Structures are given as structure tokens and as C-alpha cells.
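S.K.: Sequence below, structure please.
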Amino acid sequence: AIMAFQGWNGIERDGTAGPETQKRLATAGRPKAKRSGGGKWLEGYIDRQVVLLVRRGKVVRAIHFSSGAAGNTPRGTYSIYRKELMSWSIPFSSWMPYASYFTGGFAFHEYPDVPGYPASHGCVRIAAPFAPYLYEFASYGTPVHMS
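M.R.: Numbers count the residues shown, from 1 in each chain. Model (predicted):
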């Protein structure tokens, strides 16, 4: 949660509630969704390494992530088209728990190492405590806006 807060607010992402983070927390509000409307959607901000889970225009959760180290996480508007509780990545010979695919072979998925900078092969890594929540939130057809 601290990493998501730091990323959203442009603070160095170290996961520690140090003086600068605490100062910002004292006056912080809920993140605002860029889009409005009914239903639910995901807004991923690659520059901030944060995804907002939005329902009826209101942010219900902000989750820290780690995107592609080579800058290859796709930007654009997609939708969740495939979900697997335990997905196997053929190119990387790795299990990807709680995988929600949004375009090509790119997915939000649980991963044990989610640093404060882009580090994946291109997918969106989500830490274990938050991956099941995102997986449950993002049903088939849920819009995904990555910018």
C-alpha cells in the first residue's frame, strides 16, 4: 500500500513510511480516476507503476505494480479476455498465479518480486497480497486502460 501511495504521489518508492511519505499522507486524498461512468475498469499508469481499480467512477483500490523492464508493457485500451488461477508461461517457463490477460500474452499476475521500478518481461507484476483481489475484481470484459 505504501509503494502504491508513493508511486501515485511521485515519491521515491522504497516501501517505507519515512518523513516525506508521512508528510504527504497527512494531506492525502483518494486518487481520482481519469475516466468517468458506470461499471468498473482498470486504469494502469506505467509511469507511476500503479493500477487503479475503479467502480462507477470511484477508485476502490490503488495497487502497486512492476511493468516491463524494456518498456514493452503495452499502452492503450484493452479488456480482460482470459483468466487463469495458475497460468504457465511457455516462453519464460514460469507459473503466473492469478493471471488476468488484457492483450496478446500480457497479463496482470502475481509475482514474488515486485520492486519499485519496471522489472518484468512485459507483464504487470502484482504482489501476492493484492493479486487475488485484482483477479476477482477484473472479470471477463473488464476494460483496461494502460497509459
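
S.K.: from here on, contacts and neighbour counts on C-alpha atoms
M.R.: Will do.

S.K.: Need the outlier residue of this structure, farthest from its centre.
M.R.: Centroid-distance maximum for the chain: Pro19 at 25.4 Å, with C-alpha atoms, centre = their mean.

S.K.: Can you pull out the low-pLDDT segments for this structure?
M.R.: Along the chain, segments meeting pLDDT under 70 are nowhere present.

S.K.: Quick check, central residue of this protein?
M.R.: Central residue of the chain (C-alpha atoms, centre = their mean): Val51, 3.6 Å from the mean position.

S.K.: what's the helix or strand for that residue?
M.R.: For Val51, the enclosing helix or strand under DSSP states H and E is strand 50-55.

S.K.: The helix or strand following that strand: partners in the sheet, and parallel or antiparallel?
M.R.: As assigned by DSSP H and E, the chain's next helix or strand after strand 50-55 is strand 58-66. Looking at strand 58-66 with DSSP bridges, its partner strands are strand 50-55 (antiparallel), strand 124-126 (antiparallel).

S.K.: now these in JSON lines, with distance to Gly10?
M.R.: Below are the strands paired with strand 58-66 laid out as JSON lines (distance: least, C-alpha to C-alpha, whole Å):
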{"stretch": "strand 50-55", "distance to Gly10": "11"}
{"stretch": "strand 124-126", "distance to Gly10": "19"}
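
S.K.: now, of those, which is deepest in the fold?
M.R.: Highest mean neighbour count of these: strand 124-126, a mean of 29 (counted as mean count of other C-alpha atoms under 10 Å).

S.K.: Contacts for that strand next, please.
M.R.: 63-68, 73, 106-111, 113-114 (C-alpha atoms under 8 Å, 6 or more residues apart in numbering).

S.K.: From these, list the buried ones, please.
M.R.: By neighbour count, with 16 or more other C-alpha atoms under 10 Å, the contacts of strand 124-126 hold 63-68, 73, 106-111, 114 as buried.

S.K.: Stretch 32-49: which residues count as buried?
M.R.: Quick answer for stretch 32-49 (16+ other C-alpha under 10 Å): 33, 40-46, 48-49.

S.K.: I meant stretch 8-26, not that one.
M.R.: Using 16+ other C-alpha under 10 Å as the test for burial, stretch 8-26 gives 8-9, 13, 15, 17, 21.

S.K.: Lovely, talk soon.
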